[in-house]
Structure formats: structure tokens, C-alpha cells
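[1] predicted model and sequence follow; I will ask about them next.
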Amino acid sequence: MRQISARAWALACLSGVLELLPFPIAGPAPVWRTVFIWLALTPLLIAILSTRRDGGPLSIWQSMLVALPAGMIWYTGNCYWIYSVMHQYGNIDASSAALIQLGFALAGGCYHMVFAAATALIRRWTGKRGLALAAAPFFWVAQELARARITQFPWDQIGVAQVDNFLLTRLAPVGGAYLMSWVIVAVSALLASGFLLHSARTRRIALIAAAVLLCVLQAGVLFAPASEPTTANAVLLQFNLPILGNGSWTAEEFNRNLYSFATLSLQNCTSYVHGIQHESTPVIAPDCNVPPPHTDLIAWPESPALFEESDPRFLSLLEGLARKTGATIIAQNDATVPNPTNPRDIRMYNSAAFIQPDGTFAGRYNKIHLVPFGEYVPYANFFSFAKPLTTEVSDFSKGSARNVLHTDGHIFGTFICYESTFADEVRHFVLNGAQVLVNLSDDGWYGDTSAPWQHLQMARLRAIENHRWVLRATNTGVTAAIDPQGRVTQSAPRHIRTSLAAQFTYHDDITFYTRHGDWFAWLCVVVSTLALAGAGIRRRTL
């Protein structure tokens, strides 16, 4: 520890801050802040590949230690809302919630440590910083894939920060967010080369090349394609229900809320925000005197209302709404279903009910990717502290099929809340024929933290990767329509009970990413493995 210079520690901390700044912190991130993502890993790479106080290179363990504060700052700052969820809604005392937040940051920081270890190994085994820097983008993407597949938390991959960059997002339909991340880290590594390589001439070339690439690629935020034409209309509900206490509605309260939601479902001309709502963004009031358009879809969000598919009041109201409006309805609810192989085994699912325009119940989608410590407790006996978090949502079972809704000549794919973070899973709805994607979510758990805006960013990237409209119906916001270029065309003001009359259209094309998924991320795993193996062989032959 004493051999690591203060400069290396400071650079690692700076890297964590730079990695944090381009993402939403308390509201939507201004586009100008996204420029910091190109610089974010440069200080960390310089720190990892720096020298000790005695002039020798850092050991592998020392490089890992240097990377830890960068990871902890990133995970603490980006996901600070974990504390409020645990404390406010989990009924966990402040000190325990803080310890959980700290434990999460430590666990997440381990991925930065793995990245640092791989990069440092290349340097130590080959003696060449240039090779280590060349391998760094591959190592970074490999650890992002590990986050998604091992710990199941791909929240805010570094490429997501550039979702507003029309030039860079052209890569998403090919290699997803991973390919965008690779380019960003490659620029950071090239910039780090300008400080670390031995030749002064090579350092100058690297700095000039990095500066040119940064300017050209960041300029992508200044451009936008033409607006997408629309041919269909949706009504996206925003219930604005409080997170706690809705499971104890009286019969009168239940009927009153159902009537309110039914009334909102019929409102196909409503005020909205053009794009993403900022403090100064005006609310647009459309001319509702003209004949209203036909409603093609009504979407009810995920919420704490605890609607039951087996409740005749709930299902009959949806069926009546469908017949009255001639619209397809997709509504979140809890579905209690006996296990086909064992009728005594009753399972509960977080589901989306499908209702045809003629009022026919057309099946459901059962959420596959459940939220740990929110919808189920992994290793429940060990994590007994998390039980208060599950009192409101019970213990859900995991769905098994990505069902899509065939209706009125069109196909809808539905994913629920946290599933929007898993790009490789969302694409399967499109592979199954979905022409438009519907995201039902409840971000009320996060209050006015960064999480609802971060969630929106990731849903926008899912639209780009699959070239599909994404229609988001949320409990407290952000309820929005997202076009296939990732732009929010319309959104509803947050924290009010309302509905958003949104326009969209259907698409049938299949992108390369939709067809092949995380192929680029797996390629980075292969390249990383070969790089480490080759460096190891070189070390033994020297």
C-alpha cells in the first residue's frame, strides 16, 4: 500500500468521478456532460500502469487495489438509490442500509479490479504498456458481459452514456451497447497512450489521434435523423400510486381506482412533453376539438396495485374497455397459476395480461428476469435481512417463455421493469415477431433519484438495438414513447396520475444485433483470453 503513490490513488478516484458524470445523477443528464465518458477510464489506465514509489511497475495486486476506489465511487454514485430503497421501503435502519450500499459498492468494484488485473498482467508479462492499452477495451467489454451474466446487474454499461449520440449509436444495431463501450474505452486507452508510451513522437501522435476521435465522435450528439412517421396510437397509463399500502384497499377504494384507470384509458387526446422533461420543458396541450384518432393499444403499468388476473372485477373491466375502444390492452397484474405437473403447487407470477380488441383474453407474459431482493429473495435463509423488502411483492416465480401478443394483424412484445436492462433478453421478443415493444414498469421505488432516468436511458438503447418503438407505461414516470432511433418523442410529466396519448408505428426488419445478440461481447472474451494466454506464453519463453 505504501508503495502506491498518492498520484495513482488520486487518478483512480478521478476516474470514478468522470465515469459517473455522464449519467443521470438527480434528473436527466444534460448532453454536454456526456463528453466526460471519453475521458473516464484514462486516469484509471494511467494509474494501473504507473510505477511504484521505488520506480518499479505496480504489482498485479497493487493495480487491483488502485482500481477499487474507482469502482466504488462509480457504483456508489451511480446506484446511490439502493440506500433509499432499503431504508425507506425495506424498513431497514439507516446504518444497515448504509452497510448494504457499501457492500454493493465493494462487490461492484471487484469488476474494476478484474479489469485492472488483466491489464496489468499484459504489461508485466510482456513489458509493454502499449500492448496492455490495446487489450484494455477488450477486457472492459468482457467484464461488462460478466456483470450481465454472472451477477445479473448490467446497469448502465458505459456505452449507455452516449445514447443521445446519433453517430455512435449506429453501432448498437450491430453489436449492441457492448460495441459502443468498446469504442469509448478505446478512445480512453489511446488518450492514456499519450501519457504512458516511451517515445515522445508516439505520445504526440496518440494525443492528437485521441483528440480528433473524441471531437468527431462526440459531434454525433449534434446530429439527428429525420422524424419517424407514425401510423398507430397508444394510451399509456401512469397510475401514480404510492409504493406502500395499496394491498389493503377497501372495496370502495378498489372500485374507485379501477374507475379512475378506466377513465384515463379512454382519454386519447392528452397533454404531453415533447421529448424528455426538464425543468423548463413546456407541457404541450394538443387541440382536442378535432376528431380523436382510433386507439390501437392501451397499456397499464406495473404498479403496487396488486391487481389479480383471477379477480373478475379486474378482468371484466379490461375486457369491457377493449370492446368499447376496439383497442388491444396489455396490463400488468399478478397471476396465480397451478403448476401443470403438480396442481397443489400454486405459483404466482408478475405478469402482463393480453386482451384482444374484441374483449377476448389472449394469454399473458410471465416476467422471466425477477429482481433479487425485490421480487424474490435468493438464498432467503442467508439473506434474512431482506425479508421486509418482499412483504409487499410476495415471492414470485420465474416465467419460462417470452410470449408475444398476436392481435389485429400486429405483434406486440412486452417486457417488465428491470428486464429492460438485459439487451440480450429483450431482443428475443423481436425474434419472436414483435413489431413494437411495450415496457411496463414501476420506478416509484426510486423516488426522485437518478434511477428512473437511468432506466429510461437503457430502454432507449433497447429501441435502437432492435429498431423498434418502445412504449413505456410506468407507475410514477417516466412514461414515454421512444422511436427506433432512441429518441423520446413524447413523455408524461412525472408524479401525476395521467395517461399519455402517444403515436408509434410497426416495424418488421431484424437488425444484426437482434439476430446474433451479444456476439461482440463474446468476441471480446475470446480476444481477452487469447491475449492473456499469449502474454503468459511469452513470459515463460523469455
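    Perfect, I can see it now. Numbers count the residues shown, from 1 in each chain.

[2] so who does residue 44 touch?
    Contact analysis of residue 44 by Cβ atoms under 8 Å, 6 or more residues apart in numbering lists 11, 12, 15, 66, 67, 70, 112, 116. In short, each C-beta sits where N, CA and C put it, glycine included.

[3] just put those in a markdown table and tack on distance to residue 23, pLDDT and neighbour count.
    Compiled in a markdown table, the contacts of residue 44 are given as follows (distance: Cβ to Cβ, whole Å; pLDDT from 0 to 100; neighbours: other Cβ atoms under 10 Å):
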| residue | distance to residue 23 | pLDDT | neighbour count |
| --- | --- | --- | --- |
| 11 | 20 | 97 | 21 |
| 12 | 19 | 96 | 28 |
| 15 | 14 | 97 | 29 |
| 66 | 23 | 96 | 27 |
| 67 | 19 | 97 | 28 |
| 70 | 15 | 97 | 30 |
| 112 | 16 | 97 | 29 |
| 116 | 21 | 97 | 31 |
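
[4] could you dump those to a markdown table with secondary structure and distance to residue 3?
    Below are these laid out as a markdown table (DSSP: H, G, I helix; E, B strand; the rest coil; distance: Cβ to Cβ, whole Å):
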| residue | secondary structure | distance to residue 3 |
| --- | --- | --- |
| 11 | helix | 16 |
| 12 | helix | 15 |
| 15 | helix | 20 |
| 66 | helix | 11 |
| 67 | helix | 16 |
| 70 | helix | 19 |
| 112 | helix | 20 |
| 116 | helix | 16 |
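
[5] tell me which element residue 530 is part of?
    Element membership of residue 530 [criterion: DSSP states H and E] is helix 519-541.

[6] for that helix, what does the pLDDT average out to?
    Mean pLDDT, helix 519-541: 90.

[7] what's that helix in contact with?
    118, 121-122, 124-126, 131, 135, 137-139, 141-142, 144-145, 174-176, 178-179, 182.

[8] in the stretch 251-400 of the chain, where is pLDDT below threshold?
    279, 343, 373-394 (pLDDT under 70).

[9] which ones are touching residue 21?
    By Cβ under 8 Å, 6+ apart, the contact list for residue 21 reads 33, 36.

[10] quick one: pLDDT of it?
    96.

[11] what ranges does the chain have for its strands?
    Applying DSSP state E to the chain gives strands spanning 232-238, 272-274, 283-284, 297-300, 328-339, 342-355, 361-366, 404-407, 410-416, 436-441, 470-474, 480-482, 488-491, 498-504.

[12] turn those into JSON lines, columns for distance to residue 313 and mean neighbour count.
    Formatted as JSON lines, the strands of the chain follow (distance: least, Cβ to Cβ, whole Å; neighbours: other Cβ atoms under 10 Å):
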{"stretch": "strand 232-238", "distance to residue 313": "17", "mean neighbour count": "25"}
{"stretch": "strand 272-274", "distance to residue 313": "30", "mean neighbour count": "19"}
{"stretch": "strand 283-284", "distance to residue 313": "33", "mean neighbour count": "11"}
{"stretch": "strand 297-300", "distance to residue 313": "14", "mean neighbour count": "28"}
{"stretch": "strand 328-339", "distance to residue 313": "12", "mean neighbour count": "21"}
{"stretch": "strand 342-355", "distance to residue 313": "14", "mean neighbour count": "18"}
{"stretch": "strand 361-366", "distance to residue 313": "14", "mean neighbour count": "20"}
{"stretch": "strand 404-407", "distance to residue 313": "23", "mean neighbour count": "21"}
{"stretch": "strand 410-416", "distance to residue 313": "22", "mean neighbour count": "24"}
{"stretch": "strand 436-441", "distance to residue 313": "20", "mean neighbour count": "28"}
{"stretch": "strand 470-474", "distance to residue 313": "21", "mean neighbour count": "30"}
{"stretch": "strand 480-482", "distance to residue 313": "29", "mean neighbour count": "27"}
{"stretch": "strand 488-491", "distance to residue 313": "31", "mean neighbour count": "22"}
{"stretch": "strand 498-504", "distance to residue 313": "20", "mean neighbour count": "24"}
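
[13] mind putting those into a markdown table with distance to residue 308?
    Output for the strands of the chain, formatted as a markdown table (distance: least, Cβ to Cβ, whole Å):
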| stretch | distance to residue 308 |
| --- | --- |
| strand 232-238 | 18 |
| strand 272-274 | 31 |
| strand 283-284 | 35 |
| strand 297-300 | 13 |
| strand 328-339 | 5 |
| strand 342-355 | 9 |
| strand 361-366 | 12 |
| strand 404-407 | 20 |
| strand 410-416 | 16 |
| strand 436-441 | 16 |
| strand 470-474 | 19 |
| strand 480-482 | 28 |
| strand 488-491 | 30 |
| strand 498-504 | 22 |
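
[14] ok, the contacts of residue 44 vs residue 322, which is closest?
    When these are compared for distance to residue 322 (Cβ to Cβ), residue 112 wins out at 49.7 Å.

[15] that closest one and residue 131: what is the separation?
    Applying Cβ to Cβ, to the nearest Å, the value for residue 112 to residue 131 is 20 Å.

[16] ok, now residue 124?
    Residue 124 is 11 Å from residue 131, by Cβ to Cβ.

[17] cool, and residue 482?
    From residue 482 to residue 131 the distance is 41 Å (Cβ to Cβ).

[18] about what we covered before: ok, and for the helix holding residue 530, which residues are buried?
    519, 520, 521, 523, 524, 525, 527, 528, 531, 532, 535 (16 or more other Cβ atoms under 10 Å).

[19] of those, which is the nearest to residue 395?
    Looking across these and measuring by Cβ to Cβ, the closest to residue 395 is residue 521, at 32.0 Å.

[20] the nearest residue to residue 450 once chain neighbours are set aside: neighbour count?
    Distances taken as Cβ to Cβ, 6 or more residues apart in numbering place residue 24 nearest to residue 450, at 4.4 Å, with adjacent residues excluded. Using other Cβ atoms under 10 Å, residue 24 has 21 neighbouring residues.

[21] can you check residue 433 too?
    Neighbour tally, residue 433, other Cβ under 10 Å: 14.

[22] please name the residues that touch it.
    404, 406, 411, 413.

[23] wait, doesn't the first one sit right on residue 434?
    Yes - using Cβ atoms under 8 Å as the test, residue 404 is close enough to residue 434 to be in contact (5.0 Å).

[24] quick one: closest of the strands of the chain to residue 156.
    That would be strand 436-441 among the strands of the chain, by Cβ to Cβ, at 16.1 Å.

[25] that older thread, I'd like the buried residues of helix 519-541 as a markdown table, with distance to residue 446 appended.
    A markdown table is the format used below for the buried residues of helix 519-541 (distance: Cβ to Cβ, whole Å):
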| residue | distance to residue 446 |
| --- | --- |
| 519 | 32 |
| 520 | 30 |
| 521 | 27 |
| 523 | 34 |
| 524 | 31 |
| 525 | 32 |
| 527 | 36 |
| 528 | 34 |
| 531 | 39 |
| 532 | 38 |
| 535 | 43 |
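
[26] nearest to residue 311 among the residues you listed?
    After measuring the buried residues of helix 519-541 against residue 311 - Cβ to Cβ - the closest member comes out as residue 521, at 42.5 Å.

[27] any idea how far the closest one is from residue 189?
    Distance from residue 521 to residue 189, by Cβ to Cβ: 18 Å.

[28] can you check residue 466 too?
    29 Å.

[29] of these two, which one has the most company?
    Just comparing residue 466 and residue 189: by other Cβ under 10 Å the higher neighbour count belongs to residue 466, 28 against 24.

[30] just checking, the more buried one touches residue 437?
    Yes - counting by Cβ under 8 Å, residue 437 is a contact partner of residue 466 at 7.1 Å.

[31] mutual contacts of these two, please.
    Common neighbours of residue 466 and residue 437, using Cβ under 8 Å, 6+ apart, are 426, 430.
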